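Trainee: Next input, structure requested:
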Amino acid sequence: MSTAKQLHVLGVMCGVAAGAWLGAAEAPTKLVTIGISPFVISLAMVIGVFVARWTLPVAIKGTGYVYLDLKDKMHLVPWAILAGALWAVANTLTVFAIRDVGLSIAFPLWNTNSIVGMFWGWLLFNELRGAGKSQWMKVLGGGLAIAGGACLLAFATSQHSGLAPDRTFAGIIAALGAGLLWGSMYIPYRKAYISGMNPLSFVTVFTVGELITMSSLALAFHGGLEPLTEEVKKASPALFWLFLGGFCWVLGDLFQQYAAKYVGIGRGIPLSNTNQLWGLAWGALVFGELASLSPTAVFLITAGSGVMILGALAISTAQAPVAEQSSWRTAMLRECERYGLNVRRVEEALLGSDPLAKQSPKRNWWEFVIVALAIGIFIWLASLAERRLLDVNGPWLILLSMASVAILVAAAVLLWRRTRFS
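Mentor: This next block holds a predicted model:
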């Protein structure tokens, strides 16, 4: 198998794993339906994300490796912070959307981010430049299918949900707004990876933007530190589940970033948007969201989801031909010239090698402390947690969790064997 084909298969597999774990990560946001503030939910998830985004890179690569990678590409630090800020706002909007229209409906609406990402990939990073007609048809056809499926779901929501029209409209706008912000967030992703940065290094700075932005939003909308602290205390029985959701999100987002690195945002992001299928499964099978809807609404929601999934799969099969890969290289050379990067090292990183690993210092004792502290935080929160905050279908919960873990292991093994998590 050629190198290009291997990397395409790797990117596709990472996108599939991203879909599974990004879908699972949204399940704890259902806690908004029992009265927990959307801002507290989003803040708790972001803190969980912060813990995980520092722990996983330290465990896999070490602090020395991350430091060297960031030092070599300091110009990307502001971009990573900006990406984190966009993520935090978008994630908060998704909580409002779930509150107003439900998880299985909101998911496909904010997954229009793939169209936004596709546009930015074409405009800024030469994706699809030089691609053949068949590749264009797969990508554009998939994009139109995603848009059509989103419109079908919006219609099903507004006509058959039984919610007040003003609340339904607000939920739709919140979900679409999240899609716009997430689609734009992928600009820093791709900029980082055509510069040769390791996704594990990128996310350590990314999470700083998340935490600052989300903390600012929560403080502003709750009237200061004291009211926010009171809200967090009230939500203490649910904090473990929200932290766990943040951890799941980090796993999904890491695979999504590897997909963006190896197959581009125009292909990798739609593929990771198969999280919509997982979101539908969690919402319908575990939380019974569709039980109270009419048969017509269920049919429209299922059909819209299916159309969007087929669109994402069509895009994922569009492997970049040689001419398009040449256009990608042009974008890479532009970044290298602009920021004085070593072209050979960047090319090696884009092909799955890890030139920085040879310079990385040995592990330090404090890295084990960081991992131990993260585990301790989760154990402490688990001791405060209430198990039955929501009614769930136990067998489906176990089955979906096992399927997600199986996909995670398969993708992680493939990524390790081919790139050593480069």
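Trainee: For the residue nearest the centre of the chain, give me its contacts.
Mentor: Centroid check for the chain by Cα atoms, centre = their mean gives Asp253 as the closest residue, at 3.8 Å. Residues in contact with Asp253 (Cβ atoms under 8 Å, 6 or more residues apart in numbering) are 18, 22, 203. Yep, even glycine has a C-beta here, placed from its N, CA and C like the rest.
Trainee: Find the nearest non-adjacent residue to the last one, please.
Mentor: In other words, Val203. Nearest non-adjacent residue to Val203, counting by Cβ to Cβ, 6 or more residues apart in numbering: Arg53, 4.7 Å away.
Trainee: on that earlier part again, distance of the residue nearest to the centre of the chain from Gly130?
Mentor: Distance of Asp253 to Gly130, given as Cβ to Cβ, to the nearest Å: 29 Å.
Trainee: what pLDDT, on average, does the strand or helix carrying the residue nearest to the centre of the chain get?
Mentor: Assessed by DSSP states H and E, Asp253 sits inside helix 239-263. For helix 239-263, mean pLDDT rounds to 90.
Trainee: Which elements pack onto the helix or strand just after it?
Mentor: Scanning forward in sequence from helix 239-263 by DSSP H and E, the next helix or strand is helix 265-272. Applying 3 or more Cβ pairs under 8 Å, 6 or more residues apart in numbering; DSSP states H and E, one finds that helix 265-272 makes contact with helix 3-25, helix 113-125, helix 133-160, helix 165-193, helix 239-263, helix 295-316.
Trainee: Report the buried residues of stretch 266-273.
Mentor: If you call a residue buried by 16 or more other Cβ atoms under 10 Å, then stretch 266-273 has these buried ones: 266-273.
Trainee: relative to helix 133-160, how tilted is the helix or strand bottoming out on mean pLDDT in the chain?
Mentor: The weakest-scoring helix or strand in the chain, judged by mean pLDDT, DSSP states H and E, is helix 103-110 (a mean of 75). Interaxial angle of helix 103-110 relative to helix 133-160 (axes from the mean of the first three to the mean of the last three Cα atoms, to 10 degrees): 140 degrees.
Trainee: Extract the CA atoms of helix 103-110 and return them as CSV.
Mentor: Taking Å, rounded to 0.1, in the frame of the first residue of the first chain, the C-alpha atoms of helix 103-110 are listed here in CSV:
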residue,chain,number,x,y,z
LEU,A,103,-29.6,15.7,21.7
SER,A,104,-30.7,13.6,18.8
ILE,A,105,-32.0,16.6,16.9
ALA,A,106,-29.5,19.3,17.9
PHE,A,107,-26.5,17.1,16.9
PRO,A,108,-27.1,17.1,13.1
LEU,A,109,-27.8,20.8,13.1
TRP,A,110,-24.5,21.8,14.5
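Trainee: Show me what that helix packs onto, helices and strands only.
Mentor: Helix 103-110 sits against helix 77-101, helix 133-160, helix 165-193, helix 275-281, helix 295-316, with contacts defined as 3+ Cβ pairs under 8 Å, 6+ apart.
Trainee: Let's see that with 10 Å instead.
Mentor: Under the contact criterion of 3 or more Cβ pairs under 10 Å, 6 or more residues apart in numbering; DSSP states H and E, helix 103-110 touches helix 3-25, helix 77-101, helix 133-160, helix 165-193, helix 275-281, helix 295-316.
Trainee: For the longest one, what is the distance to the chain centroid?
Mentor: Okay, so that is helix 165-193. Offset of helix 165-193 from its chain centre (Cα atoms, centre = their mean, to the nearest Å): 12 Å.
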